[in-house]
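Colleague: I would like the atomic coordinates for the input below:
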Amino acid sequence: MNSDFLHTSKLLNFIIQKFENIAQWVIFSDIYITLGAVAFALSNTYFLGIDWRDIAPIYFLIGSATMFIYQFSRWTFFKNVQKELSKDKLYYWMEEHQYVVVFCLLLSVVVGGVSLFWVNIKEVIILFFLGIISFLYNINIPIGNKVLTLRRIPFAKIFLIATVWSSMAVILPWVEQNGWDFNVKVILLFLIQFLFIFIITLPFDINDIEVDKEVGVNTIPILIGVKRSKWLLSLLSFVYLFVFFLWIDIYFFKILIFQIGIFILILALLYKTLLRSKRAEKWEIMLWYDGSLIWYYLICLLSVWI
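Modeller: Predicted coordinates:
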């Protein structure tokens, strides 16, 4: 009996370890976040009443841009601060798998380059400015005798990330279909999804608090503390649910199954944040919160099919 139990326990541990290794590879290579970016853009295309088939090339552009920006910015950041950095497993995984970084960068350039021939010049302009923001995020900018890094400006990290993501998910699909003809509906959705990205990014700052202290990045948890950050996140989560469901009632149409799904998703993320965000491993945080972008889209699909 004890022998069978021991054998089962070893097998279970082996399966869990294999799952963690595969999950870390997919997550740290940025394949996971790339799928999340495309999924989140598809969700917002649906909210805007745009047929995704009419703007299909834009998703290849969003995916390739996400892959390139994340690989480039993370590698650049690691190289700038690796002498100061001692606790972040992600960056050391990238150093051990440099061939993956190079392959993903080359693949994103090829896919993105081909996609450019199929999209409107307006999307190229938007992505160009978003790319500049993303690149400058980790680059040391010499100003006189001083060096400025946007990442080190208080609160800049989370606001820049939320701006880039909500722009790719909402503004790009809208401009591809409607040009620069913005209205209140799309502007409000941009702000609402800015809040969502803010909500799922803050737990990363909570988890990264020791690393950010090491390299001198002033995030919200560092400036106001972890406990107050969690209170802030709780408040913003319910604000998001209220304003998003209100937007749906006014500009979309009420789908109860979708609202229930999003409500459960937000509560699940909040639960993870309150109990696990500080002590979870990096890959777990990325699995939960980057994965929420994919779950978001799956909830949309479920609400359409039912």
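Colleague: Which stretches in the chain count as strands?
Modeller: Secondary structure of the chain (DSSP state E): strands at 141-143, 146-148.
Colleague: So residue 273 sits against residue 230, correct?
Modeller: Yes: assessed by Cβ atoms under 8 Å, residue 273 is found in contact with residue 230 at 6.3 Å. Just so you know, the C-beta spots here come from the backbone N, C-alpha and C atoms, and that holds for glycine as well.
Colleague: So between those two, which is more surrounded?
Modeller: More crowded of residue 273 and residue 230, by other Cβ atoms under 10 Å: residue 273, with 25 against 20.
Colleague: need the contact list for that one.
Modeller: 202-203, 206, 230, 233 (Cβ atoms under 8 Å, 6 or more residues apart in numbering).
Colleague: Distance check, it against residue 221.
Modeller: 11 Å (Cβ to Cβ, to the nearest Å).
Colleague: Which neighbours do the two have in common?
Modeller: Common contact partners of residue 273 and residue 221 (Cβ under 8 Å, 6+ apart): 202, 206.
Colleague: How many neighbouring residues does the closest residue to residue 220 other than its chain neighbours have?
Modeller: For residue 220, ignoring the flanking residues on the chain, the nearest one in space by Cβ to Cβ, 6 or more residues apart in numbering is residue 229 at 5.5 Å. Residue 229 has 23 neighbours, counted by other Cβ under 10 Å.
Colleague: shouldn't residue 229 be in contact with residue 201?
Modeller: No: distance between residue 229 and residue 201: 11.5 Å, which falls outside the contact criterion (Cβ under 8 Å).
Colleague: tell me, what's touching these two both at once?
Modeller: In contact with both residue 229 and residue 201: no residue, using Cβ under 8 Å, 6+ apart.
Colleague: Look at residue 180 and say how many residues are nearby.
Modeller: As a measure of burial, residue 180 has 7 neighbours, counting by other Cβ under 10 Å.
Colleague: Let me fix that, I meant to ask about residue 171.
Modeller: Around residue 171 there are 21 residues (other Cβ under 10 Å).
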